[in-house]
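Novice: predicted model follows, preceded by the sequence.
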Amino acid sequence: MGRGTGWGSPVRPAADPWGDAGRAAAVSTYCAVAVIAATVHTVVLPSLKSSDRAFDEPFVLCLLPFALIPLWACAVAASLLHALPATVLGLKLAARTGRPRWLCLLAAEAATAAVLAVPVVWLGGPYLPVWLWVAGAGAAPVLVTSFYAGRRDPEGRTGWARQRQVAFQISLVAVALIGVVFAGGLLAYGTGLLEEHRPPPGASVE
C-alpha cells in the first residue's frame, strides 16, 4: 500500500470498497467467519450431553458443504448491509478527521451494527447481545474489505479474475484457521483438556 494508506493513517480518496476486490473480500470474509464459528462450536465446545460424543461431533462438519449455498447468500446480504457500508463510512471518516484508519473503520462498523440490531427490538428480542454479536461478526469483514479496497493488484487484474484472487487468498487463511481449530480441538479432547462439565460428587443435579 502506498504512502499515507496504512492502518494508522487515512486512506487515499480513490479507494473503492464497492469495487471487485472489495465485494469479493466482504463476501468471502463473512463466509469464512461463519464456517470458522461453526467449526469452533462443533469441535472446541464440549459436548452438551455426554463426553462420549466428543469425537463424534467433529464429523458434523461433513455436512457443512451442503450449507454453502445458503451460507453464500447470507454472506452476500451481510456484506451489502454491513461490511461495505461500514467500510465506506469508515474510510470517509478517516479522510475527513485524520484519525487512525482502523479506529474509524471499527467505529463505523459498530455504528452500522447498532442500526442493524434495531429490528430485533421490534421482534421482541434483546438489543445489546444482538448488537455485540453483529459488531463482532462484522469486524473482520470490514477490516479485510478496507484492506483490499485500497490495495492494487500487482498484475493489474480486474473483474472476475480479481475477485477469484481475493477470495482464494482469504480462503487459504480460513482453511488454515479451521485446520488449527479442528486439530487443536481433537487434541484437547484426546488429552482430556476439554470435556463435559461434571458436577463434583455429592452435588445436587437439577
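Specialist: Yep, that arrived. Just so it is clear, the model here is predicted, and its values are computed rather than measured.

Novice: so where's the chain shaky on pLDDT?
Specialist: 1-15, 39-68, 154-158, 185, 189, 192-206 (pLDDT under 70).

Novice: tell me where it has helices.
Specialist: Here the chain has its helices, by DSSP state H, at 20-39, 68-78, 84-97, 101-116, 118-122, 127-149, 159-191.

Novice: what's the most buried one of the ones you listed?
Specialist: Of the helices of the chain, the one with the most neighbours on average (mean count of other CB atoms under 10 Å) is helix 20-39, at a mean of 23. Bear in mind the C-beta positions are built from the backbone N, C-alpha and C, glycine included.

Novice: angle of it against helix 127-149?
Specialist: Relative orientation of helix 20-39 and helix 127-149, computed by axes from the mean of the first three to the mean of the last three CA atoms, to 10 degrees: 140 degrees.

Novice: which residues touch helix 20-39?
Specialist: 16-17, 61, 64, 71-72, 74-76, 78-79, 83-84, 87, 137, 140-141, 144-145, 147-149, 151, 153, 158-160, 162-164, 166-167, 170-171, 173-174, 177-178, 181-182 (CB atoms under 8 Å, 6 or more residues apart in numbering).

Novice: if we go to 6 Å?
Specialist: Contact with helix 20-39 is made by 71, 75-76, 78-79, 83-84, 137, 140-141, 144-145, 148-149, 158-159, 162-163, 166-167, 170, 174, 177-178, 181, as judged by CB atoms under 6 Å, 6 or more residues apart in numbering.

Novice: okay, the angle between that helix and helix 159-191?
Specialist: Here helix 20-39 runs at an angle of 20 degrees relative to helix 159-191 (the same axes, to 10 degrees).

Novice: may I have helix 20-39 exported as CSV, CA atoms only?
Specialist: Only the C-alpha atoms of helix 20-39 are listed here, as CSV (Å, rounded to 0.1, in the frame of the first residue of the first chain):
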residue,chain,number,x,y,z
ASP,A,20,-14.4,-6.0,-7.5
ALA,A,21,-11.8,-6.7,-4.7
GLY,A,22,-14.0,-5.0,-2.0
ARG,A,23,-17.1,-7.0,-2.8
ALA,A,24,-15.2,-10.3,-3.0
ALA,A,25,-13.4,-9.5,0.3
ALA,A,26,-16.6,-8.7,2.1
VAL,A,27,-18.5,-11.8,0.9
SER,A,28,-15.5,-14.2,1.3
THR,A,29,-14.6,-13.0,4.8
TYR,A,30,-18.2,-13.3,6.0
CYS,A,31,-18.3,-16.9,4.7
ALA,A,32,-15.0,-17.6,6.4
VAL,A,33,-16.2,-16.1,9.7
ALA,A,34,-19.4,-18.3,9.6
VAL,A,35,-17.5,-21.5,8.8
ILE,A,36,-14.9,-20.9,11.4
ALA,A,37,-17.6,-20.2,14.0
ALA,A,38,-19.3,-23.4,13.1
THR,A,39,-16.0,-25.3,13.5
